[in-house]
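> one predicted model, sequence on top.
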Amino acid sequence: MDLIIEWIDEYRRETDVYRRTELATSIYFYFAESVRLFIFTRTKPSDALDVWQETAKAILEGLSTFRGRTEKEFLKWCFRIARNKISDSYKKNRLDPFPTEELSDLLEASRITKPFSQEDEVDLKDAMDLLAISHPECRELLWNHFVFGFDYEEIAEELHLQYDAVRMRIKRCLDTASGLLGD
């Protein structure tokens with residue numbers, strides 16, 4: 001059994017407050033670095049710290065609801081919570097698009113986790129420009145799918161749509177963006 005799963009199981013059973021705190025701290029440090037980096041490279045710099053705090057709190061408070069049995073399942077669960085908190089933050093500021101300087105900061109931070117070539121940088125800048133001028137629904141769909149990493153099923157659930165409806169809307173948005181790029 002994975003160490004993290006042992007800690008979570010022990011945390012659930014433990015009645016001593018000091019030992020529970022010790023276990024919660026170990027669990028926190030287990031996921032903190034990767035989830036924090038995930039959030040800070042996908043969120044406006046002005047919102048990142050708040051989103052991180054909400055995410056860490058939700059993960060620790062939700063340990064009793066986690067049902068996975070592997071490290072991979074635990075991390076997947078943590079990242080899903082992080083994506084949901086990022087999405088919640090984005091929804092709150094839906095009418096407030098990313099200011100240009102914050103987009104630049106976000107792109108710069110993303111280089112830490114995924115360095116990209118000069119061509120990719122130009123393509124990414126073009127894509128960001130397209131998102132800025134595209135139809136609001138396309139912007140939201142493309143942003144959620146390609147920036148936040150939501151899959152079609154997660155977007156469908158969030159927007160109360162069918163899987164195929166989301167898949168087709170994203171395809172149409174990509175076709176529109178492709179037309180704008182001249183490809």
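Right, received. Where do you want to start? Numbers count the residues shown, from 1 in each chain.
> now Leu23: how far from Gln118?
For Leu23, the distance to Gln118 (CB to CB, to the nearest Å) stands at 47 Å. C-beta coordinates here come from the backbone N, C-alpha and C atoms, glycine included.
> got any ranges where this protein has weak pLDDT?
1, 92-116, 120-121, 123-125, 127-136, 147, 180-183 (pLDDT under 70).
> longest helix anywhere in it?
Using DSSP state H, we find that the single longest helix of the chain is helix 17-40.
> what does that helix rub up against?
For helix 17-40, contacts defined as CB atoms under 8 Å, 6 or more residues apart in numbering pick out 4, 7-8, 10-11, 14, 48, 51-52, 55-56, 59-60, 63, 74-75, 78-79, 82, 85-86, 109, 112-113.
> now do the residue most central in space within the chain against Arg67, distance only.
Centroid-nearest residue in the chain, with CA atoms, centre = their mean: Arg83, separated by 3.1 Å. According to CB to CB, Arg83 stands 18 Å off from Arg67.
> the chain: helices as residue ranges?
3-13, 17-40, 45-61, 71-92, 100-113, 118-133, 136-142, 152-159, 163-181.
> can you give me the angle the longest one makes with helix 45-61?
An angle of 150 degrees separates the directions of helix 17-40 and helix 45-61 when computed by axes from the mean of the first three to the mean of the last three CA atoms, to 10 degrees.
> so for helix 17-40, what gets flagged as buried?
Within helix 17-40, the residues scored as buried using 16 or more other CB atoms under 10 Å are Leu23, Ala24, Ile27, Tyr30, Phe31, Val35, Arg36, Phe38, Ile39, Phe40.
> of the contacts of helix 17-40, buried ones?
4, 7-8, 11, 14, 48, 51-52, 55-56, 59, 63, 74-75, 78-79, 82, 85-86, 109.
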